[in-house]
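In: requesting a structural model of the entry that follows:
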Amino acid sequence: MATLTSPITAQNIIDRFADFAPASANSGIVWGTNSVPFSGFSTSYFGGTTAGRSIGISGSTIAGNPINAATINTAIENETAAYSQIRNLNARQNVTGVTSNIGTYQTPGLIFNQTQKAYLSSSYVQSLSAAGVTLSSGTQITDTGLEAKFTDLQTRFNSLVSNTITVTINICHSSCHSSCHGSRGRR
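Out: Residues are numbered from 1 along each chain as shown. All right, here's what the predicted structure looks like:
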């Protein structure tokens, strides 16, 4: 956990920001490129591993003399929005085959239906709600003001995690789906 220093530096601001929205986003990820919901679920839905997303900004992103409030606002707002691809995924697997062609399953239908936090691809980035706290140009940026901004961003990010995306994968039959279809050429 970073502490804001006096005098504050650009990198110190980013280090402290990382304790808020990025830390919330990366906590508790269950599914990613290294851990898919079920066999046959494509890793193309994911943007990274369950370790989470690395921070994409640094002190040089907001550096200046003096450090500018508008630059800080833009950089950390955009970075928080980028983390919004980490959210709930409802993964579903559905058997579509007819009763005589369903293998392990006695009736067609939904055989997997779970919702977990996932690191989804960047195509799932969401928009943040309007800022509740904005750093103001022309006034001195204080540690109290920065802490309020970071808390606001964390709250706004957390409201997006529950925006669940649902992905349903249909298979024709059985849990040995890939081996069955992979062997068709040998029959």
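In: helix or strand: which one has Glu77?
Out: If you go by DSSP states H and E, Glu77 is part of helix 69-83.
In: which strands and helices lie in contact with that helix?
Out: On a contact count with 3 or more C-beta pairs under 8 Å, 6 or more residues apart in numbering; DSSP states H and E, helix 69-83 meets helix 10-17, helix 21-26, helix 59-62, helix 143-161. (Glycine included, C-beta is placed from N, CA and C.)
In: what's the angle from it to helix 10-17?
Out: Interaxial angle, helix 69-83 versus helix 10-17 (axes from the mean of the first three to the mean of the last three C-alpha atoms, to 10 degrees): 40 degrees.
In: quick one: name whatever helix or strand follows helix 69-83.
Out: Counting by DSSP H and E, the next helix or strand C-terminal to helix 69-83 is strand 86-95.
In: buried sites along that next one?
Out: Ile86, Arg87, Asn88, Leu89, Ala91, Arg92, Gln93, Val95 (16 or more other C-beta atoms under 10 Å).
In: residue ranges with poor pLDDT in the protein?
Out: Counting by pLDDT under 70, the chain contains low-confidence residues at 98-107, 173-187.
In: hmm, try it at 80
Out: Across the chain, residues meeting the criterion (pLDDT under 80) sit at 6-7, 65-66, 97-108, 137-140, 173-187.
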